[in-house]
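Student: Sequence and predicted structure, then a few things I'm wondering about:
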Amino acid sequence: MRVPTAPVPTRPPETATSDIFSPGEEVWIDDLGEGTYRIRRPFTVKITRIGMGNFEASFREGNIAMSGTDRDDAFQSLVAEILDTLDILREEQDLIPSAARQLQVLRKYIVQNKA
């Protein structure tokens, strides 16, 4: 699964680094491919350029964010972290309130495939 690509605007060289920090773009996650989990309800994540060669992908509602060297790297890292977090929280018996809320949010959007 790759993050959808957006056209890259061309800028004059003197302004090419003037907006290193972008407001970000919303990207829908509606498919996880084949695997243990599937999407119950599509959701958005935000991908933001946070520096030269550094991007952050975040799922604020789920309180999860990851960075990467490009948009795709940050996006793929975030998806992997969301699924890893879901695995870990599902196995825990006594979750603290914030972890229980996080699990509830993740379960709202992602469900385990039936074997």
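Tutor: In hand now; what should we look at?

Student: how about the residue positioned nearest the centre of the chain, phi and psi?
Tutor: Geometric centre of the chain, nearest residue: Leu78, 3.8 Å, by CA atoms, centre = their mean. The phi/psi pair for Leu78 (degrees, to the nearest 10) reads phi -60, psi -50.

Student: If we ignore the residues flanking it in sequence, what's nearest it?
Tutor: With sequence-adjacent residues excluded and distances taken as CB to CB, 6 or more residues apart in numbering, Leu78 is closest to Ala57, at 3.8 Å. To be clear about C-beta, it is placed using only N, CA and C from the backbone, and glycine gets the same treatment.

Student: which residues pair with that neighbour across the strands?
Tutor: Applying DSSP bridges to Ala57 yields these beta-bridge partners: Ile47, Met66.

Student: quick one: contacts for Thr44?
Tutor: 26-29 (CB atoms under 8 Å, 6 or more residues apart in numbering).

Student: Put the alpha carbons of stretch 57-74 into CSV.
Tutor: The C-alpha trace of stretch 57-74 is given here as CSV (Å, rounded to 0.1, in the frame of the first residue of the first chain):
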residue,chain,number,x,y,z
ALA,A,57,2.3,10.9,9.4
SER,A,58,-0.2,11.1,12.3
PHE,A,59,-3.5,9.6,13.3
ARG,A,60,-4.4,12.1,16.0
GLU,A,61,-7.6,10.4,17.1
GLY,A,62,-5.6,7.2,17.7
ASN,A,63,-2.7,9.2,19.3
ILE,A,64,-0.1,7.7,17.0
ALA,A,65,2.4,9.4,14.8
MET,A,66,5.5,8.3,13.0
SER,A,67,8.2,10.1,10.9
GLY,A,68,10.0,9.1,7.7
THR,A,69,12.4,10.5,5.1
ASP,A,70,9.6,10.9,2.6
ARG,A,71,5.8,10.8,2.5
ASP,A,72,5.6,7.1,1.7
ASP,A,73,8.0,6.1,4.4
ALA,A,74,6.2,8.1,7.0
